[in-house]
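Undergrad: Give me a model of this one.
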Amino acid sequence: QVQLVESGGGLVQPGGSLRLSCVASGSIFSINAMGWYRQAPGKQREFVATITKGGLTNYADSVKGRFTISRDSTKNMVYLQMNDLKPEDTAVYFCNAEIVTGLFRSKGNYWGQGTQVTVSS
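TA: Now for the predicted structure:
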C-alpha cells in the first residue's frame, strides 16, 4: 500500500504565503512525476503544478510566477511554495504522484486526501 499525506494548509490573508508539503510512504520502489492539483467549491479539480523525477517543472498559467514546486526525492516529498496568494486560490489542494510499488514493480497514480487553503481577509 502507498499513502500520500499533505500538510501545511490554512487560512491566510491576500498577499500572504503558505508552504504545502506532501510525503509518500509505503511500499515504494520509485516515484516518477509528483504534482499538486486543487479543487474549489463547486468546481472541478484542476492542475496546479508538476515536477518530474529529473526536476523539470510545469505550472498552470494562473499560478506562474507565484507558486514554486520542488521535491526531495531522498524523503519522498514534494512541496508547493505559494506566494502572493489571492482569494481565487482558495481550494482543497491535493498531492499526486506516479509511483512504482516495491512488491510487484507495478505503476500507479496516487492521490492524497487534500489540505484546505483559504485566502481571505
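
Undergrad: residues in contact with the residue most central in space within the chain?
TA: Residue closest to the mean C-alpha point of the chain, counted by C-alpha atoms, centre = their mean, is Trp36 at 2.9 Å. For Trp36, the contact set (C-beta atoms under 8 Å, 6 or more residues apart in numbering) comprises Leu20, Cys22, Val48, Ala49, Thr50, Ile69, Val78, Leu80, Tyr93, Phe94, Cys95, Asn96. All C-beta atoms are positioned from the backbone trio N, CA, C, and that covers glycine.

Undergrad: Just say helix, strand or coil for Lys64.
TA: Three-state assignment for Lys64 (DSSP: H, G, I helix; E, B strand; the rest coil): coil.

Undergrad: For it, the count of nearby residues, please.
TA: Residues contacting Lys64 under the criterion other C-beta atoms under 10 Å number 10.

Undergrad: how near is it to Arg105?
TA: 35 Å (C-beta to C-beta, to the nearest Å).

Undergrad: Any regions of this protein where pLDDT drops low?
TA: By pLDDT under 70, the chain contains no weakly predicted segment.

Undergrad: mind listing the strands in it by residue range?
TA: Here the chain has its strands, by DSSP state E, at 2-7, 10-12, 18-26, 28-39, 46-51, 57-59, 67-72, 77-82, 91-101, 107-111, 115-119.

Undergrad: Report the distance from the fifth one to the chain centre.
TA: What separates the centre of strand 46-51 from the centre of its chain is 7 Å, taken as C-alpha atoms, centre = their mean, to the nearest Å.

Undergrad: buried set for that strand?
TA: By 16 or more other C-beta atoms under 10 Å, the buried positions in strand 46-51 come out as Val48, Ala49, Thr50, Ile51.

Undergrad: Need those residues in a markdown table (columns: distance to Gly15).
TA: Output for the buried residues of strand 46-51, formatted as a markdown table (distance: C-beta to C-beta, whole Å):
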| residue | distance to Gly15 |
| --- | --- |
| Val48 | 19 |
| Ala49 | 20 |
| Thr50 | 26 |
| Ile51 | 25 |
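
Undergrad: In the protein, which residue sits furthest out from the middle?
TA: Phe104 (25.9 Å).

Undergrad: Return the distance of that residue relative to Ser27.
TA: 9 Å.
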